[in-house]
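S.K.: Coordinates for the following, if possible.
(chains A, B, C and D)
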Number of protein chains: 2
Amino acid sequence: MKKPTDAELDILAILWQLGPSSVRTVHEALNEQREVVYTTTLKTMQVMTEKGLLRRDTSQKTHIYEAAIQAKMLQEDVVDKVVNTLFAGSPLNLVMHALGNNPTSRQDLDKIKELIKKLEKEK
Amino acid sequence: MKKPTDAELDILAILWQLGPSSVRTVHEALNEQREVVYTTTLKTMQVMTEKGLLRRDTSQKTHIYEAAIQAKMLQEDVVDKVVNTLFAGSPLNLVMHALGNNPTSRQDLDKIKELIKKLEKEK
DNA sequence: CATAATCTACGATATTTATCGTACGACAAA
DNA sequence: TTTGTCGTACGATAAATATCGTAGATTATG
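M.R.: Predicted structure coming up:
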């Protein structure tokens, strides 16, 4: 599977969040991030469909698109690349960065502690 | 500062790791990842120098290049984008993914626990 | 010195990605 | 039925990236 470009990833993210949607809906969400004209969004989504990144239902006048791939399918590759280039190959560095730079609730911290406990047991 | 492309990021990562190096050295490291001809690497590094991503010492016949920006300067933007697109906007998801998908030593887990303790105190 | 090896410079082109305009069909409202 | 709105299709082009070849200078080697 060919990996999505930056602009395509933005559209995928919107569809992952909203679920099946029309071009109009995606376009409006996209425009909150950056300005593009409608036909650009349309064209991009058509290309993405050809690439197999999206699927669409054309039974109505207004086509409904949905993501054909899941975020899960990209996470590993992307995180690997980020870790290897920006964090000196150390996932630990990335984790420390993410925790240090984002407000994390007590509940979330608890979840991490739990995972750590589990990992320690496995050793 | 204009953000580096994917190919440029590979070269930056090499220079961050090796420190100041000749084009030849970078090229050889790069070829372990993907095949390119020497002049492609050279040209890319020349362009990167114009963009301000690299600096070079031309006092010798063989020019020596070094990174003009630090990984730190890109981490936040890149991680934000990854979190927002691939991890539903939740840094926690990224952290869990990184921990779950990579072997992490006991020492590293300790470091994370320590950071968590500190974060909890700050609340 | 002659020849080969190593480098830089740089233009040309290929490839990929992104953007936009025009045409035209469907449909609803005046 | 005429007009306006909303939608798709799709070609054209722009812009950004990546790749490569050739020329010529410098340095090392026989």
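
S.K.: Just the CA atoms of the helix of greatest length in chain A, as CSV, please.
M.R.: As far as residue count goes, and with DSSP state H defining each element, the longest helix of chain A is helix A:106-122. Output for helix A:106-122, consisting of C-alpha atoms alone and laid out as CSV, is shown next (Å, rounded to 0.1, in the frame of the first residue of the first chain):
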residue,chain,number,x,y,z
ARG,A,106,-3.8,11.6,36.5
GLN,A,107,-5.9,8.9,34.9
ASP,A,108,-3.7,8.7,31.9
LEU,A,109,-0.6,8.6,34.0
ASP,A,110,-2.2,5.7,35.8
LYS,A,111,-2.8,3.8,32.6
ILE,A,112,0.9,4.2,31.7
LYS,A,113,1.9,3.0,35.1
GLU,A,114,-0.3,0.0,34.6
LEU,A,115,1.3,-0.8,31.2
ILE,A,116,4.7,-0.5,32.7
LYS,A,117,3.8,-2.9,35.5
LYS,A,118,2.7,-5.4,32.9
LEU,A,119,5.8,-5.0,30.8
GLU,A,120,8.0,-5.5,33.9
LYS,A,121,6.2,-8.7,34.7
GLU,A,122,6.8,-10.1,31.2
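
S.K.: Just the buried residues of that helix, please?
M.R.: Neighbour counts over helix A:106-122 (16 or more other C-beta atoms under 10 Å in any protein chain shown) mark A:108, A:109, A:112, A:115, A:116, A:119 as buried. Where you see a C-beta, it was placed from the backbone N, CA and C, and this is true even at glycine.

S.K.: In contact with the first one: list those residues for me.
M.R.: The neighbours of residue A:108, taking C-beta atoms under 8 Å, 6 or more residues apart in numbering or on different chains as the test, are residue B:92.

S.K.: How confident was the prediction at it?
M.R.: According to the prediction, residue A:108 has pLDDT 92.

S.K.: contacting residues for residue A:120?
M.R.: Here residue A:120 is in contact with B:106, B:109 (C-beta under 8 Å, 6+ apart).

S.K.: try it again with 10 Å
M.R.: Contacts were defined as C-beta atoms under 10 Å, 6 or more residues apart in numbering or on different chains; by that measure residue A:120 touches B:104, B:106, B:109, B:110, B:113.

S.K.: Check whether the first one really touches residue A:118, as I assumed.
M.R.: What it means is residue B:104. No. Here residue B:104 lies out of contact with residue A:118, judged by C-beta atoms under 10 Å, at a distance of 11.6 Å.

S.K.: on that earlier part again, now the angle from the longest helix of chain A to helix B:106-122?
M.R.: 160 degrees (axes from the mean of the first three to the mean of the last three C-alpha atoms, to 10 degrees).
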